[in-house]
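>>> next come a sequence and a model predicted from it.
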Amino acid sequence: MFKFFSSRLGFFWVAVVLFWIKTYSIYKIEFLLGVKGAMQEFLLFFNPLSSGILLMGLALFLKGKRAGRSIIYLSAFLFLILYSNVVYYRFNSDFITLATLTQTSNFGSSLGGSIINLMEPYDILYLIDILFLIYFYKKVSGNWTNERLKLYKPITVLAAGVIAFSVNLHLAEKDRPQLLERTFDRNYLVKYLGTYNFILYDSYLSVQNSTQRVLANSSDLIEVENYTKAKYADPNPDYFGMGSGKNIIKIHLESFQSFLIDYKLNGEEVTPFLNSLVHDSSKNFTYFDNFFHQTEQGKTADAELIMDTSLYGLSQGAAFVTKGKNTFQSLPAIMHQQQGYTSAVFHGDGKSFWNRDKIYKRLGIDQFYYDLYYNMSDENVINYGLKDKPFFKESVPMLKELKQPFYAHMITLTNHHPFILDEEEATIASPETGNSTVDGYFRTARYLDEALAQFFHDLKEAGLYDDSIIMIYGDHYGISSNHKKAMEEILNEEITPLEYAELQRVPLMIRIPGVDGQGINHEYAGMVDVVPTLLHILGIDAKDYLLFGSDLFSKNHRSYVPFRNGDFVTAEYSYIKGVFYNNETKEPITNPTDKMVNTRDTVLQELGFSDKLLNGDLLRFYTPNKEWKPIDARDYHYGKPEEKAAAETR
């Protein structure tokens, strides 16, 4: 037996078994894959085998000791891939895709903060197998000849890998039909096929998607146009045109979830100012308490895209980066062409982050105020950029300079993972869950709330408040499913898959000058609904445009909210990770109605249409009306006045 394991082929099988055991162990320790039943558990255990055999088996074609060294290198490389996903998953509850890796300037943000911050001391144990392989190689390789193995041996090994993968795929498709056709949820692909096979399949999809634009033509628009026109909702006459000519100030609350509204920590309100807007007796605002984010890997960038185009983000990567040369028919451009609006984005970070300096031009945004416009001294900066209080304070004079009516998008930063705040600026005590992410979240949320209160005061002092539509929204979750235990302690309840989906609520508040708000509106809605809502408030009919949302104030507003992974929620029932739930009883629905099944199919169709539109860049073939002029990115120049003047003369 020892003689066999001392051979090159035996060394290979030792490496494969160690790789297999470690990968399965990491699956169980690090990833929340929702494994149910004996078949899924078996597939989770089995799926690393084919990857190990096929990838490390290639080394067996090499001569002598080179084969052993290559097996070690491949084992280390495969671990690096897996461990990168572990670190990424600890914040994002998701897996790295090829599209994510193209976002190189943003990868640190995709990890939600410092990589070191997301590492754990016990991670060093994941290297034990590689260290053992190195030791074992030195012990046994002295007896190896410098000749290649007979060709049939590595070929037989690779054939075994192919057979293992075929069995894996067959059983996966049997347990989850159409697994490869329904690729919105990466958890399913990893659970059934494994991390490495998922990466290969993701790469195939990325190449496939990149060819769609080349092959697309105007006929591809027909289905998409018919679908969006059919779900158009007539405007509510009580709101249509009531904001025409008013400024719009859109305030983007970073990582802010709705459970913070009215939440008391040790008897103290975390967000007293936002609470006051929700419960204002004069009802200046309408607060949608069943509003959900619909972002995926792009997080903040997805939120910006959805809120300005009523298109979904991509299931992989961020369209802001991967579709940076697409044609868009955005809210800022529509408002400019229809009613002469000026548009601007304010953000205390670098202009190229999330490719903003390029994509904003594609959206027809006139001006971009980024870090060079602000005082970025050490005391003003923390984590990813400018703190929210100086950000709002310094933005007001720039707002006053904008030509009215304007559309201003204010993007906050401080309430961002890993939720760091200087001690002297913290005005609420942290909870003591022992989870630094969860404990810090409440302090940065309070800081954001205070910054917002200050901003409202300054808007009123500057004479901008009374004549402005103000919209406040959260962009995506702040606390991922990886912090489930600490959040259960905070919320004092078990977080089931359904409860976690319900935690994806983010606030949406709208104030229209001269119009009484509705107080709390319980309509189920998502980010795609914002564009048609704002267009109708301005008196611009949304029916001309290809939008996947519908007017929030319309009596015909659609009643379901799709998530990017194919799940969805409604007022009565939800569909989460392949299971229908009764929202009232929180119990699974064993016999879903035809309506439920049809809604599920419609959600998948809608997401597919949005992907088709983005991947094929289909809006280049669409003219909304005879007045529409396509956006020309060359017409926009961002930078200090002297930089813009130089650019315009070139």
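Here it is on my side, so go on. As the structure is a computational prediction, the values presented were derived from the model and not from experiment. Residues are numbered from 1 along each chain as shown.
>>> so what secondary structure elements neighbour the top helix by length along the chain?
In the chain, assigned by DSSP state H, the helix with the most residues is helix 64-92. Taking 3 or more C-beta pairs under 8 Å, 6 or more residues apart in numbering; DSSP states H and E as the contact definition, the neighbouring helices and strands of helix 64-92 are helix 8-30, helix 37-57, helix 128-140, helix 195-215. Quick note: C-beta positions are derived from backbone N, CA and C, even for glycine.
>>> all helices of the stretch 301-450 of the chain, in order?
Using DSSP state H, counting those that start in this stretch, the helices assigned to the stretch 301-450 of the chain run over residues 319-322, 331-339, 356-362, 388-401, 436-461.
>>> most packed of the ones you listed?
Per-stretch averages of neighbours, counted by mean count of other C-beta atoms under 10 Å, single out helix 319-322 among the helices of the stretch 301-450 of the chain, with a mean of 25.
>>> check which helices and strands that one sits against.
Taking 3+ C-beta pairs under 8 Å, 6+ apart as the contact cut, helix 319-322 packs with helix 300-309.
>>> pull the distance from the helix it packs on to the chain's centre.
For helix 300-309, the distance from its own C-alpha centre to the chain's C-alpha centre is 10 Å (C-alpha atoms, centre = their mean, to the nearest Å).
>>> tilt between it and helix 331-339?
Here helix 300-309 runs at 20 degrees with respect to helix 331-339, directions being taken by axes from the mean of the first three to the mean of the last three C-alpha atoms, to 10 degrees.
>>> so what touches helix 300-309?
Here helix 300-309 makes contact (C-beta atoms under 8 Å, 6 or more residues apart in numbering) with 106, 250, 252, 254, 293-296, 298, 311-314, 318-321, 328-332, 354-355, 363, 409, 411, 473, 475-476, 527-528, 530-531, 564.
>>> where does the stretch 1-150 of the chain have low pLDDT?
Along the stretch 1-150 of the chain, segments meeting pLDDT under 70 span 1-2, 98-114.
>>> again, 80 this time
The model of the stretch 1-150 of the chain has pLDDT under 80 over residues 1-5, 34, 36, 91-94, 97-117.
>>> next: the chain.
Where the chain drops into low confidence, which here means pLDDT under 80, it does so at 1-5, 34, 36, 91-94, 97-117, 176-188, 202, 204-212, 383-384, 639-650.
>>> does residue 511 touch residue 469 like I think?
Yes - taking contacts as C-beta atoms under 8 Å, residue 511 lies within contact range of residue 469: 6.6 Å.
>>> ok, back up a step: how about the helices and strands packed on helix 64-92, which one is nearest residue 443?
For those, distance to residue 443 was read as C-beta to C-beta. The smallest value, 27.3 Å, belongs to helix 8-30.
>>> can you give me the buried ones in the closest one?
8-16, 18-20, 22-24, 26-27, 30 (16 or more other C-beta atoms under 10 Å).
>>> gap between that helix and the chain center?
In this view, helix 8-30 has its centroid 32 Å away from the chain centroid, taken as C-alpha atoms, centre = their mean.
>>> same check on stretch 328-340?
Averaged over its C-alpha atoms, stretch 328-340 has a centre that lies 26 Å from its chain's centre (C-alpha atoms, centre = their mean).
>>> same check on stretch 365-373?
Between the centre of stretch 365-373 and the centre of its host chain there is 24 Å, according to C-alpha atoms, centre = their mean.
>>> endpoints of that stretch, how far apart?
Counting by C-alpha to C-alpha, to the nearest Å, the length from the leading to the trailing residue of stretch 365-373 is 17 Å.
>>> next: stretch 331-346.
End-to-end distance of stretch 331-346 (C-alpha to C-alpha): 17 Å.
>>> out of the helices of the stretch 301-450 of the chain, nearest to residue 119?
For the helices of the stretch 301-450 of the chain, proximity to residue 119 was assessed by C-beta to C-beta; helix 436-461 is nearest, at 12.8 Å.
>>> starting at the chain centroid, how far to the closest one?
Here the centre of mass of C-alpha atoms in helix 436-461, compared against the chain's by C-alpha atoms, centre = their mean, lies 23 Å away.
>>> next one: stretch 555-573
The offset between the C-alpha centroid of stretch 555-573 and the centroid of the whole chain comes to 18 Å, using C-alpha atoms, centre = their mean.
>>> could you verify my assumption that residue 451 touches residue 392?
Yes - under the criterion of C-beta under 8 Å, residue 451 is in contact with residue 392, at a separation of 5.4 Å.
>>> what number of residues lie near residue 604?
Other residues near residue 604 come to 16 when the count uses other C-beta atoms under 10 Å.
>>> ok, now the one 4 residues further on?
Applying the criterion other C-beta under 10 Å, we find 19 residues in the vicinity of residue 608.
>>> in terms of secondary structure, what does the strand or helix carrying it contact?
With elements taken from DSSP states H and E, the one containing residue 608 is helix 594-615. Secondary structure elements in contact with helix 594-615, counted by 3+ C-beta pairs under 8 Å, 6+ apart, are helix 195-215, helix 221-230, strand 560-562, strand 568-570, strand 573-576.
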